[in-house]
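> sequence isn't available, so here's the structure alone:
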């Protein structure tokens with residue numbers, strides 16, 4: 001079994017891996033990097049691809065997949081609402097970045113005609129391999145991918161989280177009797193706070209800002225994080241206005257159609273009904289002028305309606321910006337955290353509003369990653385991916401030194417055999 005590492009190697013973004021399944025390969029995710037410019041994974045000729053598996057609907061895992069459907073196509077496996085959300089996300093990506101992207105909307109439509117909606121733990125064949133998707137606990141529809149072939153067992157975790165959240169149950173452990181694992185290392189050096197305490201602190205601080213007459217802007221990823229924060233406020237019976245904008249609205253509408261993908265569909269349904277759905281610029285202006293909460297993409301403040309809200313919220317001390325998503329180094333959100341500045345109308349301006357970070361991560365933290373590595377058999381070959389700032393290497397070194405595992409942080413273009 002050969003593994004080609006085509007992206008997400010010692011970086012967060014453009015996840016893409018190919019595993020041999022006979023004469024051809026199954027591609028596990030094929031995403032993009034969006035950080036100032038759009039970056040793509042290594043190319044693999046479509047004629048060498050037997051099928052594609054999408055682990056979940058985030059742009060860094062799905063954004064380049066339509067390339068395989070420019071001419072023809074192959075089966076595309078995943079678990080709904082992954083495909084429905086993928087259409088929303090990639091359509092928006094094309095609208096915002098079309099001139100960078102080597103495919104068109106018609107190729108996205110072609111891709112969606114090749115989907116195979118699977119269930120968790122339902123095995124299916126790709127080439128000479130048997131493939132099973134296991135709950136990843138990241139966002140609704142997220143999956144870990146287990147590939148079994150000729151007595152070899154490989155698990156690709158994708159993005160995973162063993163802690164349950166308001167939106168989804170925690171990942172199913174599937175870490176014994178593996179020959180190899182491709183494991184994310186996003187938070188290799190950072191633990192996440194206990195969820196219950198974090199939720200309570202978030203709601204208390206949001207309430208404090210709103211009751212002093214301020215507006216709380218919560219820039220959040222459109223798929224997953226926005227809906228989770230909405231569910232948190234609903235679960236705590238938050239009584240003030242909560243506005244939801246942008247792609248978060250489309251994702252919210254989609255998740256209402258897939259209640260089985262949610263941990264508690266009742267809480268989410270109540271949250272969606274009590275939220276104020278932004279419909280145009282008049283609502284956006286209204287949201288910034290009255291005390292309340294605004295949940296809006298983009299989570300790293302790279303674009304979307306959150307930029308408009310920042311321009312209107314940033315200069316007033318009674319307001320607040322609560323960052324709840326991962327902030328890539330160099331992103332506007334990271335610069336805001338580190339330097340308290342934000343680019344408004346072409347100039348980096350100081351931000352007077354209260355700025356705080358709440359670690360509502362949908363990834364496993366240092367504790368969960370080390371626990372997962374400890375669960376592995378000593379024979380398991382470990383490949384650490386999806387980590388920036390040296391995190392992949394650090395986690396691999398820890399696994400080697402502390403657990404006696406054979407762990408490495410592969411580079412883009414590496415090919416390994418198990």
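Sure thing, it's come through. Keep in mind that this is a model prediction, so the values were computed, not measured. Numbers count the residues shown, from 1 in each chain.

> list the contacts of residue 391.
185, 186, 187, 188, 189 (C-beta atoms under 8 Å, 6 or more residues apart in numbering). In this view, the C-beta of every residue, glycine as well, is placed from N, C-alpha and C.

> after the one helix or strand residue 153 maps to, which helix or strand is next?
According to DSSP states H and E, residue 153 maps onto strand 152-156. Moving toward the C-terminus from strand 152-156, the next helix or strand (DSSP H and E) is strand 180-184.

> okay, now residue 112: neighbour count?
Applying other C-beta atoms under 10 Å, we find 16 residues neighbouring residue 112.

> quick check: it vs residue 76, distance?
For residue 112, the distance to residue 76 (C-beta to C-beta, to the nearest Å) stands at 8 Å.

> between those two, which contacts overlap?
Common neighbours of residue 112 and residue 76 (C-beta under 8 Å, 6+ apart) are residue 83.

> shouldn't residue 243 be in contact with residue 278?
Yes. Using C-beta atoms under 8 Å, residue 243 is in contact with residue 278, at 5.5 Å.

> which of the contacts of residue 391 count as buried?
Among these, those classed as buried by 16 or more other C-beta atoms under 10 Å are 185, 186, 187, 188.

> name the nearest residue to the second one, sequence neighbours excluded.
What it means is residue 186. Of all residues not flanking residue 186 in the chain, residue 363 sits nearest, at 4.7 Å (C-beta to C-beta, 6 or more residues apart in numbering).

> next up, the contacts around residue 95.
By C-beta under 8 Å, 6+ apart, residue 95 has no neighbours at all.

> check which element follows whichever strand or helix holds it along the chain.
Per DSSP H and E, residue 95 falls inside helix 82-97. Counting by DSSP H and E, the next helix or strand C-terminal to helix 82-97 is helix 105-112.

> got the contact list for that next one?
Identification of contacts with helix 105-112 by C-beta under 8 Å, 6+ apart yields 65-70, 73, 76, 83, 86-87, 90-91, 94.

> right, and the helix or strand after it?
strand 115-117.

> just checking: what are the partner strands of that following strand?
Partner strands for strand 115-117, per DSSP bridges, with pairing direction: strand 76-78 (parallel).

> neighbours of the residue nearest to residue 70 when sequence neighbours are not counted, just the number please.
Nearest non-adjacent residue to residue 70, counting by C-beta to C-beta, 6+ apart: residue 107, 5.1 Å away. A count of nearby residues for residue 107, using other C-beta under 10 Å, gives 21.

> residues of stretch 347-363 that come out buried?
Buried residues in stretch 347-363 (16+ other C-beta under 10 Å): 351, 353, 354, 358, 359, 360, 361, 362, 363.

> phi, psi of the second one?
What it means is residue 353. Here is the backbone geometry of residue 353 (degrees, to the nearest 10): phi -60, psi 150.

> pretty sure it contacts residue 317?
Yes. Judged on C-beta under 8 Å, residue 353 makes contact with residue 317 at a distance of 6.7 Å.

> so where is the protein shaky, pLDDT-wise?
36, 98 (pLDDT under 70).

> per the record, what domains does it have?
2-190+362-417, 195-357 (automatic domain parsing).

> circling back: looking at the contacts of helix 105-112, which one is closest to residue 23?
The closest of the contacts of helix 105-112 to residue 23 turns out to be residue 68 (C-beta to C-beta; 17.2 Å).

> what's the closest one sitting at in phi/psi?
phi -70, psi 0.

> ok, now which ones touch it?
27, 30, 46, 49, 52, 74, 111.

> tell me the contacts of the third one?
Shown here is residue 46, whose contacts under the criterion C-beta under 8 Å, 6+ apart are 68, 71, 72, 74.

> and if we set it to 7 Å?
residue 68 (C-beta atoms under 7 Å, 6 or more residues apart in numbering).

> what sits against residue 94?
Residue 94 neighbours (C-beta under 7 Å, 6+ apart): 101, 105.

> again, but for residue 174
Residues in contact with residue 174 (C-beta under 7 Å, 6+ apart) are 134, 144, 146, 155.

> now with 10 Å?
By C-beta atoms under 10 Å, 6 or more residues apart in numbering, the contact set of residue 174 is 121, 132, 134-136, 144, 146, 153, 155, 157, 160, 181, 372, 375.

> tell me where the chain has helices.
59-62, 82-97, 105-112, 195-211, 225-235, 247-256, 265-274, 281-289, 305-313, 332-339, 366-375, 391-403 (DSSP state H).

> the inter-axis angle of the last one versus helix 366-375?
Interaxial angle, helix 391-403 versus helix 366-375 (axes from the mean of the first three to the mean of the last three C-alpha atoms, to 10 degrees): 50 degrees.

> and helix 391-403, what's buried?
391, 392, 393, 394, 395, 396, 397, 398, 399.

> could you do stretch 105-117 as well?
107, 108, 110, 111, 112, 114, 115.

> rewinding a little: between residue 243 and residue 278, what contacts are shared?
Counting by C-beta under 10 Å, 6+ apart, the residues touching both residue 243 and residue 278 are 284, 286, 287, 294, 295, 296, 305.

> just flag the most distant two among those residues.
Using C-beta to C-beta, the two most remote members of the shared contacts of residue 243 and residue 278 are 286 and 295, lying 15.2 Å apart.

> neighbour-wise, which of those two wins?
Neighbour count, other C-beta under 10 Å: between residue 286 and residue 295, residue 295 has more, with 30 against 14.

> tell me how far that one lies from residue 342.
Applying C-beta to C-beta to residue 295 and residue 342 gives a distance of 18 Å.

> excluding chain neighbours, give the residue nearest to the residue most central in space within the chain in space.
Centroid-nearest residue in the chain: residue 58, 4.7 Å away (criterion: C-alpha atoms, centre = their mean). Using C-beta to C-beta, 6+ apart and skipping the chain neighbours, the partner closest in space to residue 58 is residue 223 (6.6 Å).

> I'd assumed residue 61 was in contact with the one you found.
No. Here residue 223 does not reach residue 61: they are 11.1 Å apart, not a contact under C-beta atoms under 10 Å.
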